[in-house]
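Asks: Just need the structure, nothing else, for what follows:
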Amino acid sequence: RPRWEPGGKYKLTVDSALLISPYGLWNNKYEQSFTVKPLDQYGNLEVNIVGLPEGKVVFVELLDKSDKPFRKSFVKGNTVRFQDLPPGEIYARLVIDENRDGVWTTGNYEDKRQPETVYYYPGKWVIRAYSDHMEEWRINAGEVIRQKPLEITKNKPEEKKRKDPNRDRNNQQQNQQSSPFGGSGSRGFGSTPMM
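Replies: Numbering: from 1, shown residues only. Next comes the predicted model:
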């Protein structure tokens, strides 16, 4: 794995015919220049987590605004550190890794195994460039089902509509007045009763 120097300028060059597909096709020559940002354009985050179960493997994933993880780190002691984060708003979730495989594992009905427990930080952190952020996260504060921030929740709850008796009465009156047959009591175009 290459070590990129902060602020350094690099050029990636791929020679032609370096890659050949199973169909006999090869790539063209490719060159791309890029610059690595200097360290003062990144921020660091350290989170002290309160309420962790003893002896469990735990990791924290940082999430973007679309709920996609972009960085993962394991908790050591009660602390997790993230270095060289891009500035912006980030969200977090914590997974208690029961089977120690480093990923969230779903439940299994046949094996009578529950899915691994997940906690969401109920807010967001704003990372600023060239700064160190120290935060505290109490994982048992509040209901687990309400921890995930609405900004990254895909299926948002619907707002309850308050019943407005005036609106209902006005709608009913408008419906009666706009009858295509001239009112609520008429039976046709004429006024003579049908027999």
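Asks: what's the domain layout of the protein?
Replies: 1-36, 39-152 (automatic domain parsing).
Asks: Please name the residues that touch the residue nearest the centre of the chain.
Replies: The residue lying closest to the centre of the chain (C-alpha atoms, centre = their mean) is Asp67, at 1.6 Å. Neighbour list for Asp67: Tyr91, Ile152, Thr153, Lys154 [criterion: C-beta atoms under 8 Å, 6 or more residues apart in numbering]. Every residue, glycine included, has its C-beta placed from N, CA and C.
Asks: can we see that at 6 Å?
Replies: Ile152 (C-beta atoms under 6 Å, 6 or more residues apart in numbering).
Asks: pLDDT value on it, please?
Replies: Note on Asp67: pLDDT of 93.
Asks: And for Trp4?
Replies: Reported pLDDT for Trp4: 86.
Asks: quick one, what contacts the closest residue to it other than its chain neighbours?
Replies: Among residues not flanking Trp4 along the chain, Val36 sits closest, at 4.5 Å (C-beta to C-beta, 6 or more residues apart in numbering). Taking C-beta under 6 Å, 6+ apart as the criterion, Val36 is in contact with Trp4, Pro6, Gly8.
Asks: same deal with Thr117?
Replies: By C-beta under 6 Å, 6+ apart, Thr117 lies in contact with Ile96.
Asks: swap in the one 3 residues further on?
Replies: Under the criterion of C-beta under 6 Å, 6+ apart, the contact list for Tyr120 reads Arg93, Gln147, Lys148.
Asks: So the second one is in contact with Val118, correct?
Replies: No - under the contact definition of C-beta atoms under 6 Å, Gln147 does not touch Val118, with a separation of 9.0 Å.
Asks: That's all I had, so thanks and see you.
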